[in-house]
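Novice: prediction below, plus the sequence it came from.
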Number of protein chains: 4
Amino acid sequence: MPRITKKELQEFFDDKFPQMDFILEEFDEKSITVKQNISELNLRPGGTISGPTMMALADFAIYAAILREVGLVELAVTTSFNINFLKKPEATRDIFAKCKLLKCGKTLAIGEVSIFSEGIEAPVAHAVGTYSIPRNLTS
Amino acid sequence: MPRITKKELQEFFDDKFPQMDFILEEFDEKSITVKQNISELNLRPGGTISGPTMMALADFAIYAAILREVGLVELAVTTSFNINFLKKPEATRDIFAKCKLLKCGKTLAIGEVSIFSEGIEAPVAHAVGTYSIPRNLTS
Amino acid sequence: MPRITKKELQEFFDDKFPQMDFILEEFDEKSITVKQNISELNLRPGGTISGPTMMALADFAIYAAILREVGLVELAVTTSFNINFLKKPEATRDIFAKCKLLKCGKTLAIGEVSIFSEGIEAPVAHAVGTYSIPRNLTS
Amino acid sequence: MPRITKKELQEFFDDKFPQMDFILEEFDEKSITVKQNISELNLRPGGTISGPTMMALADFAIYAAILREVGLVELAVTTSFNINFLKKPEATRDIFAKCKLLKCGKTLAIGEVSIFSEGIEAPVAHAVGTYSIPRNLTS
């Protein structure tokens, strides 16, 4: 199966998940990068970005990386998710999640994600998530 | 240190996190229960509740359970978070997170959370999260 | 399917896993408790029990709890495992793992485990593990 | 502080952890690789390597990677550990764990590990572990 292009994936998300505000950034051979623009709603006291903001971004990046491989499967669902926060992200910088799939089988896919503040090399968080892929794909 | 009451905690959240829409429900000796009203924004294709909705609720329930013990510390932050999704939650039911602290030390606290659909006994998700507590509390 | 008894499970382990030194302790309605006698091999510098000793015990306790429900399935395998260490276990006390299943479906089971030092109430570690159960059981 | 060499680290392990049978393999700029020779004791029914064998190897690889950076600290301890099993490792091949540190702070270090069967490119497992580093190092 040929990989889904960035344009096809963006159209799928615009259509099916219109409320989402993630931006597909880079697609290279091994990874996908997704951007989240940071607004007041994503902040926490002390001038940092909330944990759930990073969780949602990482979860979405894995979903996007899986869809690129298996086709536009609406019904893939997260079955487990683990995240470690490494350093405080800066409230004034947008964040990026770079996802690489560790496995993409017929029924299960696992992705690894590093989250970065824009323009800073050391990651602020690292996540691993597992998705279940429904058996009868009609992509 | 006496425990924070539900009323004190609710006032703290209303003041510091006005955008949050979690509702403190039950406070018993060993656990705290927090409710999330489900709206369109929390849904995913196939009539289910999004993973990040449950992650955010579980993360918040742990935060609330820690504040009850250590005082109203704005700056506690999640350092790690793990969640397993057990069954598909029903899109038409609100969800509840029940958090029990596994440990509440001076600098680190760990909470365990079960998430339930309203009126259904078997949990839909189970999470464990770790928070770092800043050293100089001025509760 | 009737649950497997403690005696049946012990015989299965003695037969299939003769090198294991875990001891089935308690079987109650909701949980199984497994004991590990601590020897020199399980210790680490500073007089503590090694992390992998507790990981292996927790993993085994989940396996035992699953077999009790689904039958004597040799081929169930761990698919994910998460553990948090809560306090330093005492090197001079044996440890116990108490496992409660969060879910036991046809192809996937998830168990939660608390690990205790003998005679001490507060847990030293908490784990959650997922097992894949092969589809054609011939118990 | 200069990094610990492979020879220094091997001598430290031979001295302090004589019962361990892990072999330090590669040290490059960004990662450390540790080998585990597989014997009968590491196998499970169905001709696979036990989960706890891989957990112990991954945990050790993170410990080795941290010691290389911070010095020969006996008392560093695992505080959390998460592993996903990706495919069945072959019982007839030894396994390797390649660890890269995600963070190495003064009190906390986090490492990411991929585990491979000898001679096979796709990883069989992926782990992330957190260690607490005691404050007063006397290496």
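Specialist: Thanks, I have the structure now.
Novice: and the next helix or strand past the helix or strand harbouring residue A:57?
Specialist: Following DSSP states H and E, one finds residue A:57 within helix A:51-70. As assigned by DSSP H and E, the chain's next helix or strand after helix A:51-70 is strand A:77-85.
Novice: helices and strands around that next one, which ones?
Specialist: The criterion is 3 or more CB pairs under 8 Å, 6 or more residues apart in numbering or on different chains; DSSP states H and E, and the helices and strands that strand A:77-85 contacts are helix A:51-70, strand A:125-132, helix B:51-70, strand B:77-85, strand D:77-85, strand D:125-132. The C-beta positions use only the backbone N, C-alpha and C, and glycine is treated the same way.
Novice: how about the contacts made by the closest residue to residue A:106 other than its chain neighbours?
Specialist: Distances taken as CB to CB, 6 or more residues apart in numbering or on different chains put residue A:133 closest to residue A:106, at 6.9 Å, once the chain neighbours are dropped. Neighbour list for residue A:133: A:66, A:70, A:73, A:76, A:105-109 [criterion: CB atoms under 8 Å, 6 or more residues apart in numbering or on different chains].
Novice: rebuild the helices and strands packed on strand A:77-85 as JSON lines, extending it with mean neighbour count.
Specialist: Shown next, in JSON lines, are those (neighbours: other CB atoms under 10 Å in any protein chain shown):
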{"stretch": "helix A:51-70", "mean neighbour count": "24"}
{"stretch": "strand A:125-132", "mean neighbour count": "24"}
{"stretch": "helix B:51-70", "mean neighbour count": "24"}
{"stretch": "strand B:77-85", "mean neighbour count": "24"}
{"stretch": "strand D:77-85", "mean neighbour count": "24"}
{"stretch": "strand D:125-132", "mean neighbour count": "24"}
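Novice: format those as JSON lines; extra columns: mean pLDDT.
Specialist: JSON lines is the format used below for the helices and strands packed on strand A:77-85 (pLDDT from 0 to 100):
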{"stretch": "helix A:51-70", "mean pLDDT": "96"}
{"stretch": "strand A:125-132", "mean pLDDT": "97"}
{"stretch": "helix B:51-70", "mean pLDDT": "96"}
{"stretch": "strand B:77-85", "mean pLDDT": "97"}
{"stretch": "strand D:77-85", "mean pLDDT": "97"}
{"stretch": "strand D:125-132", "mean pLDDT": "97"}
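Novice: adding distance to residue B:21, write the ones you listed out as JSON lines.
Specialist: JSON lines is the format used below for the helices and strands packed on strand A:77-85 (distance: least, CB to CB, whole Å):
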{"stretch": "helix A:51-70", "distance to residue B:21": "13"}
{"stretch": "strand A:125-132", "distance to residue B:21": "24"}
{"stretch": "helix B:51-70", "distance to residue B:21": "10"}
{"stretch": "strand B:77-85", "distance to residue B:21": "19"}
{"stretch": "strand D:77-85", "distance to residue B:21": "30"}
{"stretch": "strand D:125-132", "distance to residue B:21": "31"}
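Novice: among those, which is nearest residue B:3?
Specialist: Across the helices and strands packed on strand A:77-85, residue B:3 has its closest neighbour in helix B:51-70 (5.4 Å, CB to CB).
Novice: strand A:77-85 and that closest one, what's the angle between them?
Specialist: Relative orientation of helix B:51-70 and strand A:77-85, computed by axes from the mean of the first three to the mean of the last three CA atoms, to 10 degrees: 40 degrees.
Novice: tell me the contacts of the spatially most central residue of chain A?
Specialist: Taking CA atoms, centre = their mean, the centroid of chain A lies closest to residue A:61, which sits 1.3 Å from it. Counting by CB under 8 Å, 6+ apart, residue A:61 makes contact with A:22, A:32-34, A:97-99, A:111, A:113.
Novice: so how far is stretch A:49-57 off the chain centroid?
Specialist: Centroid separation for stretch A:49-57 versus its chain: 11 Å, with CA atoms, centre = their mean, to the nearest Å.
Novice: that stretch near chain C at all?
Specialist: No - residues of stretch A:49-57 are not located near chain C by CB under 8 Å from any CB of the partner chain, the shortest gap being 15.2 Å.
Novice: can you list contacts of that stretch?
Specialist: With CB under 8 Å, 6+ apart, stretch A:49-57 has contacts from A:22, A:34, A:36, A:38, A:42-44, A:81, A:83, A:85, A:89, A:91, A:95, A:97, A:115, A:124-125, A:127, B:52, B:55-56, B:59-60, B:77-78, B:81.
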